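Student: sequence-free structure coming up:
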């Protein structure tokens, strides 16, 4: 691992305060990366900056990330930035980098670097188009600090996986000059009816992520108040964004528009259980398998050409899969014999492992290994069916491209389902959504 000295240190009192919030000391984890926190201001200066620096350092310590902090823009050189897996712009304001420093940072991002923007990072560098695209949106205005409801749109990203669907919190809620939804993947948005002063016409993203010119970019509009950095939920949100930006956790951050929910976390209307076993629906909107071998399938309609997305999590050496292209039946073996299974279990042989078309074609194992989160963490599949072509993305990374040649298993018309495999297999699913695509000529 790389080793460097700290550029600056934060106030000991703030670090001790935040350390008290984390409980008993644990064994120090293996270092997994290095992060630079940059908090220079050329405009308004937030009094929460020291708390934010201390929080990131504490989170880094518990997650194996070495955290350096500075307000010295001369740290932005090609050679120095190369040492960091992510750079956090913590409530920076105004023009904080000169042209040479900007070029160095652009090169860093284009070579795979990570960016985390916190709160006033959107109030920074208005004359630098590259930065505006990286942050996703620039600040426009804000009302008074007040409570509001944050609606979590993506429950699989590590920054939002632990949050409730409706997250009640108090902060200073930014309005932005443009909506980033078409360019970035929105993780959470504001319910503008829950507070006063929102100006984005009911579609108000407040946290998002994206791949940007070769790098990773995560932004959260929270973090104005000092109290934010002592809030366990906000700290988890910040750590998840930091882990994704640094590349220690994976998620699908492609823009996502035009999908409708087949399972929204509350109702199984349109779904039917085939065969033994079942799925338990938790209060958090998660379906968890038990018993088997059976299949929970969407009986309300079949699909011809579509992009199916869903989030899944496995506890260990469990087994399950997502079935596509099978005829309607209450016999789970009908899906096995007439459709295709996209496998979840990562412990089997190549043609039966995560991302494989079970028994027919292995995933690209190198790509799969880079994209896969470990047991206990959420993953996202996109399964795209167009004609007889079946493509699979794992956390936004393409891992399989399969073409069916068996008329008995035609993908052109069929149903979808999720498998409960056996009594000892516990697999969880949530946020099943679909976007129907134009049907190509037959």
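Tutor: Yep, that arrived. Just so we're clear, the structure is a prediction, and the values are computed from it rather than from any experiment.
Student: any regions of the stretch 301-442 of the chain where pLDDT drops low?
Tutor: Along the stretch 301-442 of the chain, the model assigns pLDDT under 70 to residues 441-442.
Student: and the strands in the stretch 1-150 of the chain?
Tutor: Using DSSP state E, counting those that start in this stretch, the strands of the stretch 1-150 of the chain run over residues 33-38, 65-70, 86-90, 114-118, 139-141, 146-152.
Student: in stretch 68-87, what counts as buried?
Tutor: 68-71, 73, 75-76, 80-81, 84-87 (16 or more other C-beta atoms under 10 Å). All C-beta atoms are positioned from the backbone trio N, CA, C, and that covers glycine.
Student: pLDDT on that stretch, on average?
Tutor: Regarding stretch 68-87, the rounded mean pLDDT is 98.
Student: do stretch 234-252 as well
Tutor: For stretch 234-252, the per-residue pLDDT averages 97.
Student: the helices in the stretch 201-350 of the chain, which residues?
Tutor: 232-246, 332-338 (DSSP state H, counting those that start in this stretch).
Student: what sits against the residue lying closest to residue 208 once chain neighbours are set aside?
Tutor: Nearest residue to residue 208, sequence neighbours excluded (C-beta to C-beta, 6 or more residues apart in numbering): residue 184, at 4.2 Å. Shown in contact with residue 184 (C-beta atoms under 8 Å, 6 or more residues apart in numbering): 136, 205, 208, 209, 210, 217, 219, 253, 255.
Student: any idea how far the second one lies from residue 236?
Tutor: As defined by C-beta to C-beta, to the nearest Å, residue 205 lies at a distance of 19 Å from residue 236.
Student: neighbour count for those two, which is higher?
Tutor: It is residue 205, of residue 205 and residue 236, that has more neighbours when counted by other C-beta atoms under 10 Å, with 22 against 17.
Student: doesn't residue 185 make contact with that one?
Tutor: No: the pair residue 205 / residue 185 is not scored as a contact, 9.7 Å apart, by C-beta atoms under 8 Å.
Student: any weak-confidence spans in the stretch 1-150 of the chain?
Tutor: Ranges of the stretch 1-150 of the chain meeting pLDDT under 70: 1-31.
Student: helices of that one, residue ranges please.
Tutor: 12-19, 49-63, 78-81, 99-110, 129-135.
Student: tell me how far the second one lies from the chain's centre.
Tutor: Okay, so that is helix 49-63. Distance, stretch centre to chain centre, for helix 49-63: 21 Å (C-alpha atoms, centre = their mean, to the nearest Å).
Student: what helices and strands are in contact with that helix?
Tutor: helix 12-19, strand 33-38, strand 65-70, strand 86-90, helix 232-246 (3 or more C-beta pairs under 8 Å, 6 or more residues apart in numbering; DSSP states H and E).
Student: picking up where we left off before, which one of the contacts of residue 184 is nearest residue 54?
Tutor: residue 219 (20.8 Å; C-beta to C-beta).
Student: okay, that closest one and residue 242: tell me how far apart.
Tutor: 12 Å.
Student: find residues that contact each of those two.
Tutor: Counting by C-beta under 8 Å, 6+ apart, the common neighbours of residue 219 and residue 242 are residue 116.
Student: let me know the pLDDT of the residue nearest in space to the middle of the chain.
Tutor: Closest residue to the average C-alpha location of the chain: residue 157 at 2.3 Å, with C-alpha atoms, centre = their mean. As predicted, residue 157 sits at a pLDDT of 98.
Student: number the residues from 30 up from this point.
Tutor: Understood, numbering begins at 30; the last thing we discussed is residue 186.
Student: ok, the closest residue to it other than its chain neighbours to residue 174 distance?
Tutor: Leaving aside its sequence neighbours, residue 186 sits nearest to residue 280 (C-beta to C-beta, 6+ apart; 4.3 Å). For residue 280, the distance to residue 174 (C-beta to C-beta) stands at 30 Å.
Student: the two: which has the busier surroundings?
Tutor: A count of neighbours by other C-beta under 10 Å puts residue 280 above the other of residue 280 and residue 174, at 30 against 12.
Student: which residues touch that one?
Tutor: Taking C-beta under 8 Å, 6+ apart as the test, what residue 280 contacts is 183, 185, 186, 187, 238, 273, 409, 424, 425.
Student: measure it to residue 84 for me?
Tutor: Using C-beta to C-beta, we find residue 280 at a distance of 21 Å from residue 84.
Student: what is the neighbour count of residue 287?
Tutor: Neighbour tally, residue 287, other C-beta under 10 Å: 11.
Student: enumerate every residue touching it.
Tutor: Contacts of residue 287 by C-beta under 8 Å, 6+ apart are residue 464.
Student: give me the pLDDT value at it.
Tutor: 95.
Student: phi first, then psi, for it.
Tutor: Note on residue 287: backbone dihedrals following degrees, to the nearest 10 are phi 90, psi 10.
Student: for residue 409, see how far away it is.
Tutor: 16 Å.
Student: run the chain-centre distance for stretch 75-90.
Tutor: Relative to where its chain is centred, stretch 75-90 has its mean C-alpha point 22 Å off (C-alpha atoms, centre = their mean).
Student: before we move on, what about stretch 254-267?
Tutor: The answer for stretch 254-267 is 18 Å, by C-alpha atoms, centre = their mean.
Student: tally of neighbours for residue 404?
Tutor: 13.
Student: try residue 450
Tutor: Neighbours around residue 450, by other C-beta under 10 Å: 21.
Student: what sits against it?
Tutor: Contacts of residue 450 (C-beta under 8 Å, 6+ apart): 318, 321, 322, 347, 348, 349, 350, 456.
Student: residue 195 now?
Tutor: 178, 179, 180, 181, 220.
Student: what's the answer for residue 438, then?
Tutor: 354, 367, 368, 369.
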